[in-house]
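Q: Here's a sequence, model it:
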Amino acid sequence: MILAFDVYGTLIDPQGITTVLHDHLDGAAAADFAKAWRDKQLEYSFRRGLMGKYETFAVCTSQAFAYTCALFNLQLEAEESELIMNAYAFLPAYADARNGLEKVRDAGFRMYAFSNGSPEAVDRVLSHAGIVEYFIDIVSVDEVRSFKPDPAVYGHFLRRASASGNSAWLVSSNAFDILGALSAGIRAVWVKRKPDMLFDPWGMEPTLTVHDLDGLAQKLNDSI
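A: This next block holds a predicted model:
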């Protein structure tokens with residue numbers, strides 16, 4: 001069985017950027033800034049996918065950062081902005097990522113990293129987090145110049161992995177990604193990391209739901 005692991009928000013914690021933001025904002029404000037930045041980053045990727053105005057995820061991230069700085073009235077020197085942007089390349093993995101991936105690999109599943117990020121950016125952040133070794137390959141939306149949840153992106157993954165919808169699963173904590181995969185005929189595991197996370201009421205439900213990656217391998221095995 002083939003597993004496509006989303007990266008940002010599933011394996012890698014975007015809120016980890018708050019560590020760097022604490023140099024410029026207090027604790028609560030830094031966390032709020034990080035969340036607003038992440039939300040705007042995804043919004044920009046959705047917009048560009050719909051408009052056919054593709055730029056890399058790094059561009060979406062940079063433009064979302066500029067917007068969020070204006071929103072929070074955070075005025076930075078060019079060197080400070082560059083430092084924060086560079087830190088995005090070295091975000092931490094979630095605490096359960098390594099152990100969960102180890103169990104999945106030991107269970108015999110074939111794993112790919114599947115991301116909005118460019119291949120270079122994904123390789124860098126996964127290598128820094130010490131988990132790149134678990135993946136056969138990195139499949140990036142950059143190769144088709146669109147973003148999740150565009151159906152073309154999921155079709156591209158299936159072609160790259162030489163898989164069919166019946167043999168592949170997406171693993172993601174992002175509800176929009178789960179809906180995108182299901183709509184493309186791919187089974188999907190929602191990683192519901194927080195009890196208060198909500199799934200969109202679209203009349204579709206995740207094939208499986210787990211609360212962390214530690215229990216993923218067992219849940220998948222039970223479903224076979």
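Q: which helices and strands does the helix ranked longest in the chain pack with?
A: Criterion DSSP state H: the longest helix present in the chain is helix 27-51. Helix 27-51 sits against helix 18-21, helix 57-71, with contacts defined as 3 or more Cβ pairs under 8 Å, 6 or more residues apart in numbering; DSSP states H and E. Any C-beta I mention is one placed from the backbone N, CA and C, and that applies to glycine too.
Q: Just the buried residues of the first one, please?
A: Judged by neighbour count using 16 or more other Cβ atoms under 10 Å, the buried positions of helix 18-21 are 18, 20-21.
Q: Out of the helices and strands packed on helix 27-51, which is closest to Arg110?
A: Across the helices and strands packed on helix 27-51, Arg110 has its closest neighbour in helix 57-71 (24.5 Å, Cβ to Cβ).
Q: can you give me the angle the helix or strand that that closest one is followed by makes with helix 57-71?
A: With elements assigned by DSSP states H and E, the helix or strand that comes after helix 57-71 is helix 78-87. Relative orientation of helix 78-87 versus helix 57-71 (axes from the mean of the first three to the mean of the last three Cα atoms, to 10 degrees): 130 degrees.
Q: now helix 78-87, how far from the chain's geometric center?
A: 21 Å (Cα atoms, centre = their mean, to the nearest Å).
Q: Likewise for stretch 111-131?
A: Computed by Cα atoms, centre = their mean, the chain-centroid distance of stretch 111-131 equals 10 Å.
Q: What strands flank whichever strand or helix holds Ala188, and is each parallel or antiparallel?
A: In this structure, Ala188 sits in strand 187-191 according to DSSP H and E. Take DSSP bridges as the rule and strand 187-191 pairs in its sheet with strand 168-172 (parallel), strand 208-210 (parallel).
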